[in-house]
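K.L.:
I'd like to go over a predicted model; first the sequence, then the structure.
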Amino acid sequence: MEQALWSQICTPDELGWLHEHNAAARLGTVLFSAKETAYKAVHPFIRTVLEFSDVELRIDAERQVFSCQVLHPAGAALPELSGHYRELPECVMTLISDSPGDGPVTDDRLVAPGHSLD
């Protein structure tokens with residue numbers, strides 16, 4: 001994702017993190033994908049349209065994991081969500097869960113049949 005779009009997708013804290021870490025465009029794409037994944041995960045429960053600013057992420061780029069909090073009042077009762085991401089040559093894949101106790105997601109659980117992470 002182009003850096004010019006970051007201000008439309010990111011909260012001020014997320015923008016600060018991206019700039020502090022001299023993040024490549026790829027991490028902007030991770031943020032976008034993770035926010036979209038979070039929206040799809042929580043919408044059936046809160047039935048509210050969320051803006052990108054209604055979801056805030058904290059990313060651990062070394063481990064390729066993130067945590068996500070819905071900031072919108074409709075999501076106040078939701079737990080903090082945790083997720084994993086994988087950067088593949090042509091795309092970024094994100095997976096989200098409501099349970100931090102799920103443990104690490106192994107690469108083979110994220111690979112579509114007939115594809116490889118190599």
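P.N.:
Noted; the coordinates are in hand.
K.L.:
local confidence estimate at residue 111?
P.N.:
At residue 111, the model reports a pLDDT of 40.
K.L.:
how much space separates residue 46 from residue 17?
P.N.:
Residue 46 sits 25 Å away from residue 17, going by CB to CB, to the nearest Å. To be clear about C-beta, it is placed using only N, CA and C from the backbone, and glycine gets the same treatment.
K.L.:
could I get the contacting residues of the residue nearest in space to the middle of the chain?
P.N.:
Residue closest to the average C-alpha location in the chain (CA atoms, centre = their mean): residue 34, at 2.1 Å. Residue 34 makes contacts with 57, 59, 66, 68, 83, 85, 94, 96, as judged by CB atoms under 8 Å, 6 or more residues apart in numbering.
K.L.:
hang on, the last one is in a helix, isn't it?
P.N.:
No: assessed with DSSP: H, G, I helix; E, B strand; the rest coil, residue 96 is strand; it does not lie in a helix.
K.L.:
quick one: average confidence on the longest helix seen in the chain?
P.N.:
In the chain, ranked by residue count with DSSP state H as the criterion, the top helix is helix 25-46. Average pLDDT, helix 25-46: 91.
K.L.:
quick one: buried residues of it?
P.N.:
Using 16 or more other CB atoms under 10 Å as the test for burial, helix 25-46 gives 27-35, 37-39, 41-42, 46.
K.L.:
again, but for stretch 57-64
P.N.:
For stretch 57-64, burial by neighbour count (16+ other CB under 10 Å) applies to 57, 59, 61, 64.
K.L.:
next, format those as JSON lines and append secondary structure and pLDDT.
P.N.:
Formatted as JSON lines, the buried residues of stretch 57-64 follow (DSSP: H, G, I helix; E, B strand; the rest coil; pLDDT from 0 to 100):
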{"residue": "57", "secondary structure": "strand", "pLDDT": "94"}
{"residue": "59", "secondary structure": "strand", "pLDDT": "91"}
{"residue": "61", "secondary structure": "coil", "pLDDT": "87"}
{"residue": "64", "secondary structure": "coil", "pLDDT": "93"}
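K.L.:
dump the residue contacts of residue 6.
P.N.:
Neighbouring residues of residue 6 by CB under 8 Å, 6+ apart: 15, 18, 28, 31.
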